[in-house]
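Q: Quick one: sequence and predicted model below, then my questions.
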Amino acid sequence: MKTFHLTISSPDGNIFDGEIYKLDVRGILGDLAIMAGHVPFVTSVKNAPCKIWIDETTPKEATLDGGLLTVDKQGATLIAGSFKFKE
């Protein structure tokens, strides 16, 4: 199982910083699944639920209030208006 580094930040500070298996978010053109080795790109993300997969079977669900997602060779960075994990 390959993983990649994800950093999530909001105006409240860093929310998440670690290795994950997959990130599911809603981009401006539809749903996205980001995994290790994904092609580099930048996109806006919409207000929508999202999932952070720590491994292949463990998703952490959250609500995302829009933002900007960048993906490069080092990993992914999500800068969100707000981001809250569901309990």
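A: Looks like it arrived, so ask away. Since the model is a prediction, treat every value here as computed from it, not as a measurement. Residues are numbered from 1 along each chain as shown.

Q: can we go C-alpha only for contacts and neighbour counts from here?
A: OK.

Q: who touches the residue most central in space within the chain in this structure?
A: Closest to where the C-alpha atoms of the chain average out (Cα atoms, centre = their mean) is residue 23, at 4.7 Å. By Cα atoms under 8 Å, 6 or more residues apart in numbering, the contact list for residue 23 reads 32, 33, 34, 35, 50, 51, 52, 53.

Q: now residue 55
A: Contacts of residue 55 (Cα under 8 Å, 6+ apart): 1, 20, 21, 22.

Q: which among those end up buried?
A: 20, 21, 22 (16 or more other Cα atoms under 10 Å).

Q: Please produce a markdown table containing those residues, extended by distance to residue 61.
A: As requested, the buried ones among the contacts of residue 55 are exported to a markdown table (distance: Cα to Cα, whole Å):
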| residue | distance to residue 61 |
| --- | --- |
| 20 | 13 |
| 21 | 14 |
| 22 | 12 |
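
Q: What about the contacts of residue 55, which are in strands?
A: Members of the contacts of residue 55 lying in strands (criterion: DSSP state E): 20, 22.

Q: Tabulate the contacts of residue 55 (JSON lines), appending pLDDT and distance to residue 83.
A: JSON lines is the format used below for the contacts of residue 55 (pLDDT from 0 to 100; distance: Cα to Cα, whole Å):
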{"residue": "1", "pLDDT": "85", "distance to residue 83": "26"}
{"residue": "20", "pLDDT": "98", "distance to residue 83": "17"}
{"residue": "21", "pLDDT": "97", "distance to residue 83": "19"}
{"residue": "22", "pLDDT": "98", "distance to residue 83": "17"}
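
Q: For residue 68, state which of the contacts of residue 55 is nearest.
A: residue 22 (17.0 Å; Cα to Cα).
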